[in-house]
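# missing the sequence, but the structure's below:
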Ligand SMILES: Cc1cc2nc3c(=O)[nH]c(=O)nc-3n(C[C@H](O)[C@H](O)[C@H](O)COP(=O)(O)OP(=O)(O)OC[C@H]3O[C@@H](n4cnc5c(N)ncnc54)[C@H](O)[C@@H]3O)c2cc1C
Ligand SMILES: Cc1cc2nc3c(=O)[nH]c(=O)nc-3n(C[C@H](O)[C@H](O)[C@H](O)COP(=O)(O)O)c2cc1C
């Protein structure tokens, strides 16, 4: 059986949902061309601005968060928008659309004032861009100039700015890239919807401080003895972006492009299930290269095949009905922990977790095998979460 | 960086008394941990070390993402015998040899990972690959070993009509009639073979080309021929008393022992001496142990360092209790009352290098010694497959006496006749046979395309 990975987003057909996010991966046409050749369906070119916007970058601008021996499970960047202004990006769009008519080329923009936003839109539209993404969401650097997340954190600014963009965009769909750094994301999503914008991209990076050099007391990335807050991205932020996508999907009926931590095909499936129709990737590509597209598309195809589904479309939003208010969760459901003693390796980390973080329901016998006292077990599932053995502890209904 | 994962092996007491697979494979959490050890380095030296060029980082990335079936399919694209090869490849000398992770700790256990992915795929059923529309062209394949099987599958998928002949009753070649089941379970082999036959390859067993069917017939009936007939008869050394009952060729011994119901071996094996130092000697020794031998000694005329057997196979045999005797060359099988008593061995020493680049063993001058034995297994290697040369006398031979072929296409000296595998390389590995079978399939298709264009011009 062959599966169809193509899917429409904001009225545009993508050969698969995988899109390169606005980032260093998309900062010139040659890179994007290589990504297209590798199998990426689309790219959002790195955020650009009008020629008079001065962009001065600092270096180093990246710092990874490592966990045990895994490198870069999260990434902080203090990058800004592209040093390449609209004049160069226009050229990239023309070049890419000519060479890859079937691929989708998006462009990301950021402006200080109405004229900037509108002239960026007109010029990109004239160059033949497929869609326009507006960054209302960069959490570092740009807000100091009243740009980036300054807009996205305010519903009125969001709606007003998005309207300017929509006014100028005659035929090109517009997606607003939002920030997770707001108390009420559905409120912002409603503002986007009211503006008439066509789609929402969620989310941009999360403002962070990734670590401090404990020898010289300067945080990372260290720029000549100083550092600054930056944007956090990569696998570590997936739970945040997944929540944001689901919240938006439940609040407004608009196509959503998900970004934030998508690393594997499994992540991809999860975002689709939570209502995304398009999937943007940045940090995973910065770490592993454009080649990961093969793993994403192959994994997604095999998954759909396994599920007996023939298109990606069928997945969109399937998890949404299963996300409910906390107060609507069943109070009658009483699970209990079941430990498979055949596969248990007697590491007893379940015991430790239950003793010091649970309800002291797990005891050890003289052979160091863990046993669950069903009277005491409340079914919290911390034991199953820490168990290192494949499917050894399972939470089952009583 | 985490340590390399090692699969469990059968408990030793059970292991030496059964034909069950010794290596139990990685468990799921081990497979994920091991996949996580790959650093996905840029130039992937592992791929260069693989004779069929499997996209190793590609399949490991799929595994790391728990897409085991996708991983298996990627492997299968390059190697139709991926499950067999995961078990029998000398991976430490191939893919794992160049592994970049060795610079940090140890090489990634690539073969173990491959096996895990293939086993997952098998559990779910191998997906039948779609064949191209029939071309109407006919190809005969002689020999259903790995070379013939790989060549047949590639041709069948390209729409060619393929008939595979083998003198043996079942397809598989040495994989079925040589490699012991405790290293390669027959159900693993059968699944891959069935999958290949399922792609539309016709198999005609019990048919030796040159005896049961004429080569002329094949040449006139088919548009092209692939020869993957492997090696010929075992070599017999110049040792007196080899006609004694109880002196058995290691090859026929393994053949009998490898059947699903091991054919009863004529007599209790008693004390076994295996003469030779290659993998066949090791396989014969470990098989003899499993069939109830009291003690097994492998006697080799050079030193351990020169043994052609792979180090890990030698270790495997030592673990099982096989004894090794070095620098001993057989002189005579000792008999009394028509019964073997032992082997008289000449003590050797190492002299200057011979043509193979290994030190030549020469008699040391010390007195001969006897090793007691009730059964003697001979594992002195095999020569060229003469059944092919007598059926096709004009076939050109290489310097080593094998079938000479074009290294790009696998084409022999005769138009339309291609060859690969042991019959060409003189005896190597399953995976090399697969790669030469695939190479010839491409050569055959190009040949058929060009000869059709030629005939259309006429
Ligand atoms: C005991 C043993 C253990 C081995 N262990 C390993 C291992 O662990 N790993 C590894 O990689 N390699 C191993 N090898 C080597 C490996 O098996 C061979 O390199 C490989 O099988 C060669 O494949 P082939 O297709 O060229 O020939 P074969 O496997 O020899 O197949 C040739 C086939 O052709 C048939 N045939 C021959 N003549 C005719 C004819 N005239 N008409 C019709 N049919 C004919 C034969 O019956 C046979 O089935 C081992 C070999 C032996 C003997
Ligand atoms: C170095 C770097 C530069 C980025 N630059 C931009 C940018 O110019 N415009 C933008 O909208 N997002 C930018 N982003 C955010 C990404 O597009 C993406 O939304 C975010 O990194 C989350 O996805 P990820 O976890 O796959 O990286 C940047 C991210 C990084 C790491």
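Great, that's in hand. Quantities reported herein were computed from a predicted structural model and do not represent experimental measurements. Ligands and ions are numbered 1, 2, ... in the order given.
# Contact residues of chain A facing chain B?
In this structure, chain A approaches chain B at residues A:69-70, A:264-266, A:288, A:291-292, A:294-295, A:298-299, A:301-303, A:306, A:388-390, judged by C-beta under 8 Å from any C-beta of the partner chain. (Each C-beta comes from the backbone N, C-alpha and C, glycine too.)
# show me which of the residues you listed neighbour ligand 2.
When the residues of chain A next to chain B are filtered against ligand 2 using C-beta under 6 Å from any ligand atom, no residues are retained.
# Just the buried ones from these?
The neighbour-count criterion (16 or more other C-beta atoms under 10 Å in any protein chain shown) marks A:264-265, A:288, A:291-292, A:294-295, A:298-299, A:301-303, A:389 among the residues of chain A next to chain B as buried.
# hmm, who's touching stretch A:292-309?
The list of residues contacting stretch A:292-309 from outside it, by C-beta atoms under 8 Å, 6 or more residues apart in numbering or on different chains, reads A:1, A:3, A:5, A:16, A:18, A:35, A:38-40, A:264-266, A:268-269, A:281, A:284-285, A:310-312, A:314-315, B:58, B:61-62, B:65, B:67, B:69-70, B:74.
# Give me the subset of those residues that lies in strands.
Judged by DSSP state E, strands contain the following of the contacts of stretch A:292-309: A:18, A:281.
# are any of the contacts of stretch A:292-309 buried, and which?
Burial of these was assessed by neighbour count (16+ other C-beta under 10 Å); the buried members are A:3, A:5, A:16, A:18, A:35, A:39-40, A:264-265, A:268-269, A:281, A:284-285, A:312, A:315, B:58, B:61-62, B:65, B:67, B:69-70, B:74.
# taking the residues you listed one by one, which sit in helices?
Counted as lying in helices by DSSP state H, out of the buried ones among the contacts of stretch A:292-309, are A:35, A:265, A:268, A:269, A:284, A:285, B:58, B:61, B:62, B:69, B:70, B:74.
# which two from those residues end up farthest apart in space?
Of all pairs drawn from these, the one with the longest distance (C-beta to C-beta) is A:35 and B:69, at 26.0 Å.
# ok, back up a step: out of the residues of chain A next to chain B, list just those in helices.
If you go by DSSP H, those have A:265, A:266, A:288, A:292, A:294, A:295, A:298, A:299, A:301, A:302, A:303, A:306 in helices.
# May I see those residues arranged in a markdown table, with pLDDT as well?
Compiled in a markdown table, these are given as follows (pLDDT from 0 to 100):
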| residue | pLDDT |
| --- | --- |
| A:265 | 98 |
| A:266 | 98 |
| A:288 | 94 |
| A:292 | 96 |
| A:294 | 96 |
| A:295 | 96 |
| A:298 | 97 |
| A:299 | 97 |
| A:301 | 97 |
| A:302 | 95 |
| A:303 | 97 |
| A:306 | 93 |
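# Would you check that residue B:139 makes contact with residue B:155?
Yes - with contact defined as C-beta atoms under 8 Å, residue B:139 and residue B:155 form a contacting pair (5.4 Å).
# which of these two has more neighbours?
Neighbours of residue B:139 and residue B:155, each counted by other C-beta atoms under 10 Å in any protein chain shown, are more numerous for residue B:155; the result is 32 against 29.
# looking at this, that one is in a helix?
Yes - the assignment for residue B:155 (DSSP: H, G, I helix; E, B strand; the rest coil) places it in a helix.
# ok now do it, which residues does it touch?
Taking C-beta under 8 Å, 6+ apart as the definition, contacts of residue B:155 comprise B:139, B:141, B:162, B:441, B:444, B:445.
# run the last query once more with 10 Å
Contacts for residue B:155 were tallied using C-beta atoms under 10 Å, 6 or more residues apart in numbering or on different chains; they are B:131, B:135, B:137-139, B:141, B:161-162, B:164, B:199-201, B:224, B:226, B:437-438, B:440-442, B:444-445, B:448.
# Looking at the residue of chain B found nearest ligand 2 now. What's its pLDDT?
Closest approach between chain B and ligand 2, counting by C-beta to the nearest ligand atom: residue B:65, at 15.3 Å. The predicted structure scores residue B:65 at 94 on the pLDDT scale.
# Close to ligand 2: what parts of the stretch 101-250 of chain A are there?
A:108, A:135, A:177, A:204, A:205, A:233, A:234, A:237.
# For the fourth one, the count of nearby residues, please.
Meaning residue A:204. So residue A:204, with other C-beta under 10 Å, has 27 neighbours.
# Spatially nearest residue to it, not counting backbone neighbours?
Nearest residue to residue A:204, sequence neighbours excluded (C-beta to C-beta, 6 or more residues apart in numbering or on different chains): residue A:137, at 3.4 Å.
# Tell me if the one you found really is in a helix.
No - assessed with three-state DSSP, residue A:137 is coil; it does not lie in a helix.
# Settle this for me: it is touching residue A:175, isn't it.
No - at 11.5 Å, residue A:137 and residue A:175 do not qualify as touching, with contact defined as C-beta atoms under 10 Å.
# which one of the two has more residues nearby?
residue A:137 (31 against 28).
# Now do the more buried one, the pLDDT please.
94.
# any weak-confidence spans in the chain?
Going with chain A. Counting by pLDDT under 70, chain A has low-confidence residues at A:1.
# I was thinking of chain B, sorry if that wasn't clear
Those would be B:260-267, B:453-458, if you go by pLDDT under 70 across chain B.
# Spell out which residues of it are next to chain A.
When proximity is defined as C-beta under 10 Å from any C-beta of the partner chain, chain B approaches chain A at B:1-2, B:27-33, B:36-37, B:39-40, B:42, B:55, B:57-59, B:61-74, B:104, B:124, B:127, B:130.
# Chain neighbours aside, what residue packs nearest to residue B:223?
Spatially, and ignoring its direct neighbours in sequence, residue B:223 is nearest to residue B:137 (4.7 Å; C-beta to C-beta, 6+ apart).
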